[in-house]
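[1] Structure for the following, please:
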Amino acid sequence: MTDKPLLRNQVGGILYLTLNNKDRMNSLSMSLLSALKSSFEDIKDNPTVKVVVIRSEGPAFSSGHDLNELVNRDTESYSRLFSACTSVMEAIRLSPKPVIAEVQGIATAAGCQLVATCDLAIAAESALFSTPGVQIGLFCTTPGVAVSRTIHVKKAMEMLLTGGTITAQEAVMCGLINQAVEIDKLKNEVELLAQKICAASSSTIAIGKSAFYRQREMSIPDAYQMAEKVMVENLFLGCPRGHNGFLREAQTALDHITNLGSGVCHAFAYSHIFILIQFSQATATADQQ
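    The predicted structure follows:
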């Protein structure tokens with residue numbers, strides 16, 4: 001076991017968390033789970049971290065739980081292990097920071113659960129995904145919580161009941177990951193996605209991520225009611241750049257579109273930004289009264 005199961009490196013607003021036990025296929029040992037949980041606790045209120053990327057050293061993303069911790073232990077030990085894993089998954093879901101999985105190799109069992117739990121995921125075309133516990137007599141029940149909420153129900157059941165493997169392209173089709181790219185382009189594509197998120201307001205992102213997951217657990221009427229309140233909150237509490245800053249940016253974008261010429265897409269974008277400018281002007285006027 002490596003002395004540092006998890007490496008941390010921040011580049012600008014992006015925090016890279018690297019699973020660092022390639023000899024054990026980056027299995028989610030208790031020490032690694034503890035390090036992951038601590039990392040998310042540390043960055044919760046850190047304004048310099050805007051996006052988290054989870055990646056791995058070696059050929060495997062993560063093979064799931066460390067089998068050494070699943071044999072010849074008592075019930076209490078097993079409970080602590082699965083509870084620690086659940087705590088990490090919930091820390092990711094509840095984190096105000098978007099979390100991206102960068103998957104360069106196989107992701108199995110709890111490793112597949114980790115991918116499914118992350119808000120976004122990009123994988124190498126050669127990556128493989130599975131929940132194979134059923135094949136050794138241990139149904140992937142906890143991985144199934146995240147997987148079944150991320151991909152199509154029938155596909156989730158197929159993966160869980162057979163333990164079969166799906167390719168990165170299949171993972172895209174069923175919604176487990178966002179993109180499958182050539183492995184030599186993986187890091188760059190993840191960075192591009194992270195930078196796009198970094199460009200947005202952190203408070204707006206935090207409000208939106210929290211609301212997104214909350215509304216999924218509600219009925220449609222309750223979800224709309226909650227979403228309305230969040231929109232109001234976002235308007236009056238989540239505009240750090242202010243109305244004047246927004247107005248300047250919108251006007252710049254409008255001028256740029258005007259120079260592009262005509263066309264349906266340009267007309268749509270033009271009208272959309274024009275409405276935003278009118279809204280911002282009206283709001284700014286109201287603030288002055």
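
[2] Do you have the strands of this structure handy? List them.
    Here the chain has its strands, by DSSP state E, at 6-11, 14-19, 51-56, 60-62, 99-103, 106-108, 120-124, 128-130, 165-167, 179-181.

[3] As TSV, those strands with distance to N68, mean neighbour count and mean pLDDT would be great.
    (Glycine included, C-beta is placed from N, CA and C.) Shown next, in TSV, are these (distance: least, C-beta to C-beta, whole Å; neighbours: other C-beta atoms under 10 Å; pLDDT from 0 to 100):
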stretch	distance to N68	mean neighbour count	mean pLDDT
strand 6-11	18	14	98
strand 14-19	16	22	99
strand 51-56	19	24	99
strand 60-62	15	27	98
strand 99-103	24	27	99
strand 106-108	16	26	98
strand 120-124	27	26	99
strand 128-130	20	23	99
strand 165-167	23	17	98
strand 179-181	32	19	99
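
[4] Would you mind measuring from the most centrally placed residue in the chain to E228?
    The C-alpha lying nearest the average C-alpha coordinate of the chain belongs to D119 (C-alpha atoms, centre = their mean; 1.9 Å). Taking C-beta to C-beta, to the nearest Å as the measure, D119 falls 23 Å from E228.

[5] follow-up on the earlier one: between the strands of the chain, which gets nearest to K196?
    strand 51-56 (9.2 Å; C-beta to C-beta).

[6] Pull the distance from that closest one to the chain's centre.
    In terms of C-alpha atoms, centre = their mean, to the nearest Å, the centre of strand 51-56 is found 9 Å from the chain centre.

[7] Could you name the helices and strands sitting against it?
    The contact analysis (3 or more C-beta pairs under 8 Å, 6 or more residues apart in numbering; DSSP states H and E) places strand 51-56 against strand 14-19, strand 99-103, helix 186-198.

[8] Mind listing residues that contact that strand?
    13-20, 22, 26, 40, 43, 61-62, 95, 97-102, 104-105, 114, 118, 190, 194, 197-198 (C-beta atoms under 8 Å, 6 or more residues apart in numbering).

[9] Recalculate using a threshold of 6 Å.
    For strand 51-56, contacts defined as C-beta atoms under 6 Å, 6 or more residues apart in numbering pick out 14-19, 26, 97-102, 190, 194, 197-198.

[10] quick one, it and strand 99-103 angle?
    Here the directions of strand 51-56 and strand 99-103 differ by 30 degrees (axes from the mean of the first three to the mean of the last three C-alpha atoms, to 10 degrees).

[11] which residues touch the residue nearest to the centre of the chain?
    By C-beta under 6 Å, 6+ apart, D119 lies in contact with 98-99.

[12] I figured E102 hits E191, correct?
    No. With contact defined as C-beta atoms under 6 Å, E102 does not count as touching E191 (9.2 Å).

[13] Need the overlap of contacts for those two.
    Joint contacts of E102 and E191 (C-beta under 6 Å, 6+ apart) do not exist.

[14] What are the structural domain limits within the protein?
    6-198, 202-288 (automatic domain parsing).

[15] which of these sits most buried?
    Most buried of the domains of the chain by mean neighbour count (mean count of other C-beta atoms under 10 Å) is domain 6-198; its value is a mean of 19.

[16] Tell me which residues touch I14, please.
    With contact taken as C-beta under 6 Å, 6+ apart, I14 is in contact with 51, 194.

[17] Compute the first-to-last residue distance for stretch 97-115.
    With C-alpha to C-alpha, to the nearest Å applied, stretch 97-115 spans 16 Å between its terminal residues.

[18] Can you give me the distance of the residue nearest to the centre of the chain to N178?
    Distance from D119 to N178, by C-beta to C-beta: 10 Å.

[19] can you check K187 too?
    15 Å.

[20] Could you point out which residue ranges in the stretch 151-289 of the chain have low pLDDT?
    Across the stretch 151-289 of the chain, the ranges flagged by pLDDT under 70 are 237-289.

[21] circling back to that earlier point, can you list the strands of the chain in TSV and add distance to R216?
    Output for the strands of the chain, formatted as TSV (distance: least, C-beta to C-beta, whole Å):
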stretch	distance to R216
strand 6-11	29
strand 14-19	25
strand 51-56	21
strand 60-62	25
strand 99-103	17
strand 106-108	23
strand 120-124	16
strand 128-130	22
strand 165-167	23
strand 179-181	22
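
[22] Tell me which of those strands sits nearest to I205.
    Of all those, strand 51-56 comes closest under C-beta to C-beta, at 8.6 Å.

[23] The closest one pairs with which strands?
    Taking DSSP bridges as the criterion, strand 51-56 sits next to strand 14-19 (parallel), strand 99-103 (parallel) in its sheet.
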